[in-house]
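Enquirer: Give me a 3D structure for the following:
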Amino acid sequence: MEKKIQISILNGFWLLIFAYSCTLMVEITWRYHSFALDANFLMTKQTEVEELWWYKYVFYTHVCTAILALPAGFTQFNLGLLTKYPRLHRTIGYVYVLSILGFAAPSGALIGFVANGGLFAIISFELLALGWFYFTLQAVRLAIQKKINLHHDFMLRSFALTCSAITLRFWKVMLVYLFHPNPMDLYQLIAWLGWIPNILLAEFIIYRKNHNLLNYYD
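Expert: Residues are numbered from 1 along each chain as shown. Okay, the predicted model is just below:
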């Protein structure tokens, strides 16, 4: 009983953190609601906007679809939703998968080719986009095959990369506050910090769950 209370408190804490993070992401995304070509981050991408005809379309595709994956993915790990409302669970899962495989990951790979920070950052963003697509596709394949435990593992990996949109910005704020680095050095660093710790944490959770040291579904 005490263990369940502790887990409920921990789950509630993470829910609040995630809700706050999603609120911040919605606020950031709203800055692009006018589809202006000089809004927020696009101020640093004027060369690409002017020289690459496709950039603005791909960028806004990424912004508008990636935001859907955050709340959709989070609900997929809710046991109550899975057991009581399996049809809703699948419907939200379709939204998550379609937003990533159809739009967010491919568009992320395209804009990653011209990322700020040079080759070092470009490699990171390309690996992120490819990994995001692959893990999500594997999760779908395993769900179709009814391999639920493996499906869960790949969904966790996929969602860890989905959360890079949040963690990248947290790292940026923290590093700027503590060290005031050169902007280009900062961008190269957060390009990797945004997702490497996430996937390592996901692998740790998967390892413990599969070795019966952590009961994820308690």
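Enquirer: need the next SSE after the helix or strand containing residue 71, C-terminal direction.
Expert: Residue 71 belongs to helix 55-75 when assigned by DSSP states H and E. Downstream of helix 55-75, the first helix or strand assigned by DSSP H and E is helix 79-84.
Enquirer: Which strands and helices lie in contact with that next one?
Expert: For helix 79-84, the packing partners by 3 or more CB pairs under 8 Å, 6 or more residues apart in numbering; DSSP states H and E come out as helix 86-97. Using the backbone N, CA and C atoms, a C-beta is placed for each residue, glycine as well.
Enquirer: can you dump the C-alpha coordinates of the helix or strand following the helix it packs on into CSV?
Expert: Using DSSP H and E, the helix or strand that follows helix 86-97 in sequence is helix 105-112. Taking C-alpha atoms only, helix 105-112 is exported to CSV below (Å, rounded to 0.1, in the frame of the first residue of the first chain):
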residue,chain,number,x,y,z
ALA,A,105,10.3,13.1,-38.2
PRO,A,106,10.7,13.5,-42.0
SER,A,107,10.4,17.3,-41.8
GLY,A,108,12.9,17.3,-38.8
ALA,A,109,15.3,15.4,-41.0
LEU,A,110,15.0,17.9,-43.8
ILE,A,111,15.5,21.0,-41.7
GLY,A,112,18.2,19.2,-39.8
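Enquirer: For the following helix or strand past helix 105-112, buried residues please.
Expert: Next helix or strand after helix 105-112 toward the C-terminus (DSSP H and E): helix 118-144. Buried residues in helix 118-144, counted by 16 or more other CB atoms under 10 Å: 121-122, 124-129, 131-133, 135-140, 142-143.
Enquirer: gap between helix 118-144 and the chain center?
Expert: 11 Å (CA atoms, centre = their mean, to the nearest Å).
Enquirer: buried residues in whatever helix or strand comes next after it?
Expert: Note on helix 118-144: by DSSP H and E, the next helix or strand toward the C-terminus is helix 148-162. For helix 148-162, the neighbour count (16+ other CB under 10 Å) marks 150-162 as buried.
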